[in-house]
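**Student:** next come a sequence and a model predicted from it.
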Amino acid sequence: MPKAKWYAVRVGRRPGVYANWADAEKQVRGYPGAVHKSFPHPQAAEGWLRSGQRHNPTVTTTSLSRHPSKQLVSHEDMESDISPVEIPKRNSVPIHLIRSDSLLGTGPDHTTSTEDPPLSAQQEEILRRILNGENYFFTGSAGTGKSVLLRAIIRSFKQREADEQDNAEDIWKRYLFGEDRNGPRTEVKRWKLGVTASTGMAGVNIGGSTVHSWAGIGLGELPAQKLYENILRNKITAKRWKSTGALIIDEVSMIDSKLFDKLEYIARKIRKDDRPFGGIQIILSGDFFQLPPVTKGHLNNCSFAFEALTWSQVIPRENMSSLTRVFRQKEDQFVNILESMRKGFIKPEDIEVLKGLKRSVQYPEGIEPVGLYPQKAEVAAINSARLEALETPLQVFSSFDIPGVNSHGYPLEAKQATDCLNKNTIWPQDLELKVGALVMLVTDGVLVNGSTGTIVDFMTLSEASSVNIHPAAGNYGSAPDPKVAWPVVEFIPSKHAIGKVAKRVVVPQMSVDVLNAAGRPEATRHQIPLILAWALTIHKSQGQTLERVKIDLNNIFVEGQTYVAISRAVSLDTLQLLNFSAHKVMAHSRVIEWAKPLEQEQKDEEEWDELLAGAELDF
Ligand SMILES: Nc1ncnc2c1ncn2[C@@H]1O[C@H](COP(=O)(O)OP(=O)(O)OP(=O)(O)O)[C@@H](O)[C@H]1O
């Protein structure tokens, strides 16, 4: 009696386990680089599929030509009337840490190589004034380089602190070696910088914490006096307030006026200093035309930080400025549309332009655009339906979360760490992936945060390296497990990536920290820095630059949302816009009123500067 055989197709038109060769053959014949193998039992065939190539000595290399992206994204091509027998749908991979020095030594570059562009004259001038010790609020339309400037400010403060430290050490050394008999007279000047943002995700993006966590105020809902008394009971938090020289609050547009006043009050009381914010230098950044503060109850109840009673004492009028050059978009037409949209207007001719963007855009490599939607529920539904529709095996990567210490100095429990990471980062606890899935990178490295691409394979690092596919750079934290097959992603070649960037990269586990107010990890997540990108909330897209984007405005519900979404796009050609109508362009009337004189003053000043520059040339 002939021995029964089962056929596992790992790479082919429709991967799976087949009960006869005729069916399996249809999946692999003519398919470039197909991989298949026969087994005496279906379990063995399933096991081979599940474990991928890495445990199978008969399959040693994977060639790039096996995975043409056309076939991977266009699943109509894979339609077949033959179904594989039941295949394992879920392959769970728990992420764990490998402590191996040799691996770390030969592993991928641990440093990020993404560099910011040189600052413009306008950005330089604001940096100069801030380094001069002035309180400052800088704003600007989406894509004018607020984040780039903020990162430059943080770097400059850190450099200054390091220089001061070196200087003090030199003075001590000279004293100890008898070169300076007068002793160390110079004290180290403390520039201690608090780096915070209104939301956890914005905080993580700039290597800081939430302002709530930094200030030790929980949700900040208690009266200011009560919050102050609570802080006094915690030595670490009280010391932080007292020793801070400067405090950054990013995305200040999402802080409400009451919270701003409470922070200002606490600072004065705790530092026993009557100057605004008790003399702490305050650096604020954000755009009030983007997303407003999250307030309980009706959305129109929100009150903005600029409406705080103490705002004008903290930030004098002459210390507010707006960055005016838009870098993200290059087309004047698009920049002008966005500019008027930011303020809630839209010209009739621009309505027609935007309505015309409902067509779908075809891209040469077949990598789809990221979808932006207003609501979380629709995002979850779209991603899970699209993932479900792919017939490739499911891989689930479960994060490895490590608890740290909170801003009060208390250790977190495992569940608290996981909750904290889920709340403050976009990195998923369980990442479900399949070959063919559209994904977005959520960390910086050689490829920038927001780069998107399609999963074309899963490979161990050595398999990838044998076919010249290298790991994405990023913050590894520990060496990736050499036995795990990590996703290989074919990215859209990004104009924003620095240097020569391989289009296909393997993306292994990396790490992200939620920092406490002392800059130490409150919780650390080891996970692959990818998320599904068929759909993303507009809220989570804030701050990102998206090369290809499809936006559905159907459920827009708050001022600024349409502007935030559309301003992620880099050009009209790579933007698809569904359900656009003029009434979806909304800006908050109180923001418009407040910003008007500020913008007029700045315009007048710039005109004066131009006139003066012209006058100098004439002499
Ligand atoms: N001085 C500059 N020269 C060239 N490009 C710049 C400059 N500053 C910023 N950019 C580029 O402009 C794009 C947007 O910058 P950035 O994210 O800092 O803007 P933003 O004002 O923070 O935007 P958003 O409000 O949407 O978060 C990025 O690609 C960035 O590299």
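**Tutor:** Okay, I see it. Numbers count the residues shown, from 1 in each chain.

**Student:** residue of the stretch 101-250 of the chain closest to the ligand, please.
**Tutor:** Gly145 (2.8 Å; CB to the nearest ligand atom). Placement of C-beta: from N, CA and C, glycine included.

**Student:** number of nearby residues for that residue?
**Tutor:** Gly145 has 22 neighbouring residues, counting by other CB atoms under 10 Å.

**Student:** wait, what's in contact with it?
**Tutor:** By CB atoms under 8 Å, 6 or more residues apart in numbering, the contact list for Gly145 reads Leu119, Ser120, Gln123, Leu323, Arg325, Phe327.

**Student:** and those, which of them are buried?
**Tutor:** Ser120, Gln123, Leu323 (16 or more other CB atoms under 10 Å).

**Student:** now the residues you listed as JSON lines including secondary structure, pLDDT and distance to Leu357?
**Tutor:** Shown next, in JSON lines, are the buried ones among the contacts of Gly145 (DSSP: H, G, I helix; E, B strand; the rest coil; pLDDT from 0 to 100; distance: CB to CB, whole Å):
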{"residue": "Ser120", "secondary structure": "coil", "pLDDT": "94", "distance to Leu357": "29"}
{"residue": "Gln123", "secondary structure": "helix", "pLDDT": "95", "distance to Leu357": "31"}
{"residue": "Leu323", "secondary structure": "strand", "pLDDT": "93", "distance to Leu357": "27"}
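
**Student:** so for stretch 146-161, what gets flagged as buried?
**Tutor:** Lys146, Ser147, Val148, Leu149, Leu150, Ala152, Ile153, Ile154, Ser156, Phe157, Glu161.

**Student:** and the buried ones among the contacts of Gly145 near the ligand, which?
**Tutor:** Counting by CB under 6 Å from any ligand atom, Ser120, Gln123 from these sit close to the ligand.

**Student:** which one of the buried residues of stretch 146-161 sits closest to Gly16?
**Tutor:** Ser147 (45.4 Å; CB to CB).

**Student:** returning to that earlier point: turn the contacts of Gly145 into JSON lines, including distance to Val506.
**Tutor:** Below are the contacts of Gly145 laid out as JSON lines (distance: CB to CB, whole Å):
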{"residue": "Leu119", "distance to Val506": "34"}
{"residue": "Ser120", "distance to Val506": "36"}
{"residue": "Gln123", "distance to Val506": "36"}
{"residue": "Leu323", "distance to Val506": "37"}
{"residue": "Arg325", "distance to Val506": "37"}
{"residue": "Phe327", "distance to Val506": "31"}
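
**Student:** quick one, phi psi at the closest residue in space to Val195 that isn't next to it in sequence?
**Tutor:** Excluding its sequence neighbours, the residue lying closest to Val195 (CB to CB, 6 or more residues apart in numbering) is Gly208, at 3.1 Å. In terms of degrees, to the nearest 10, the main-chain angles of Gly208 are phi -130, psi -160.

**Student:** so what's Gly208 up against?
**Tutor:** Applying CB under 8 Å, 6+ apart, we find Gly208 in contact with Gly194, Val195, Thr196, Ala197, Trp214, Ile248, Asp250, Leu515, Gly519.

**Student:** and the residues you listed as TSV, adding secondary structure?
**Tutor:** Converted to TSV, these look like this (DSSP: H, G, I helix; E, B strand; the rest coil):
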residue	secondary structure
Gly194	strand
Val195	strand
Thr196	strand
Ala197	strand
Trp214	helix
Ile248	strand
Asp250	strand
Leu515	strand
Gly519	coil
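
**Student:** quick one: buried ones out of the residues you listed?
**Tutor:** Gly194, Val195, Thr196, Ala197, Trp214, Ile248, Asp250, Leu515.

**Student:** quick one: pLDDT of the spatially closest residue to the fifth one that is not a sequence neighbour?
**Tutor:** Just to be clear, that refers to Trp214. Distances taken as CB to CB, 6+ apart put Ala517 closest to Trp214, at 4.1 Å, once the chain neighbours are dropped. With respect to pLDDT, Ala517 scores 82.

**Student:** quick check: end-to-end length of stretch 360-372?
**Tutor:** 14 Å (CA to CA, to the nearest Å).

**Student:** pretty sure Ile126 is touching Phe137, no?
**Tutor:** No. Using CB atoms under 8 Å, Ile126 is not in contact with Phe137, being 9.9 Å away.

**Student:** among the contacts of Gly208, which pair sits farthest apart?
**Tutor:** With distances taken as CB to CB, the most widely separated pair in the contacts of Gly208 is Asp250 and Gly519, at 15.4 Å.

**Student:** give me the number of residues near the nearest residue to Leu598 once chain neighbours are set aside?
**Tutor:** Sequence neighbours aside, Met320 is the residue nearest to Leu598 in space, at 6.0 Å (criterion: CB to CB, 6+ apart). The tally of other residues near Met320 (other CB under 10 Å) stands at 20.

**Student:** wait, Met320 touches Asn135, no?
**Tutor:** No. Taking contacts as CB under 8 Å, Met320 lies outside contact range of Asn135: 9.9 Å.

**Student:** what about Tyr410, distance to Ala517?
**Tutor:** 12 Å (CB to CB, to the nearest Å).

**Student:** neighbour count for these two, which is higher?
**Tutor:** More neighbours surround Ala517 than the other of Tyr410 and Ala517, with 27 against 12 (other CB under 10 Å).

**Student:** isn't the more buried one up against Lys239?
**Tutor:** No. With contact defined as CB under 8 Å, Ala517 does not reach Lys239; the gap is 10.5 Å.

**Student:** please enumerate residues in contact with the helix or strand where Ala267 lies?
**Tutor:** Following DSSP states H and E, one finds Ala267 within helix 257-271. Contacts with helix 257-271, where a contact means CB under 8 Å, 6+ apart, come from 211, 215, 217, 220, 224-225, 227-228, 231-232, 238, 241-242, 273-280, 303-311, 314.

**Student:** just the buried ones from the residues you listed, in ChimeraX syntax?
**Tutor:** Buried residues among the contacts of helix 257-271 (16+ other CB under 10 Å), as a ChimeraX selection:
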select :211,215,217,220,224,227,228,231,238,241,276,277,278,280,303,304,305,306,307,308,310,311,314
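
**Student:** so which of the contacts of helix 257-271 sit within helices?
**Tutor:** Mapping these onto helices (DSSP state H) picks out 211, 215, 224-225, 227-228, 231-232, 238, 241-242, 311, 314.

**Student:** and for the spatially closest residue to Gln544 that is not a sequence neighbour, the neighbour number?
**Tutor:** Of all residues not flanking Gln544 in the chain, Gly450 sits nearest, at 4.1 Å (CB to CB, 6+ apart). The tally of other residues near Gly450 (other CB under 10 Å) stands at 21.

**Student:** need the contact list for Gly450.
**Tutor:** Contacts for Gly450 (CB under 8 Å, 6+ apart) come out as Met440, Leu441, Gln544, Thr545, Leu546.

**Student:** ok, and of those residues, which contact the ligand?
**Tutor:** When CB under 6 Å from any ligand atom is applied, the members of the contacts of Gly450 adjacent to the ligand are Thr545.

**Student:** among the contacts of Gly450, which lie within strands?
**Tutor:** Secondary structure assignment by DSSP state E places Met440, Leu441 of the contacts of Gly450 in strands.

**Student:** now the contacts of Gly450 in a markdown table, with neighbour count and pLDDT?
**Tutor:** Output for those, formatted as a markdown table (neighbours: other CB atoms under 10 Å; pLDDT from 0 to 100):
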| residue | neighbour count | pLDDT |
| --- | --- | --- |
| Met440 | 24 | 92 |
| Leu441 | 26 | 89 |
| Gln544 | 21 | 86 |
| Thr545 | 23 | 87 |
| Leu546 | 26 | 90 |
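
**Student:** let me know the closest of the contacts of Gly450 to Ile255.
**Tutor:** Gln544 (21.0 Å).

**Student:** so what does the residue nearest to Trp214 have for phi and psi?
**Tutor:** phi -70, psi -20.
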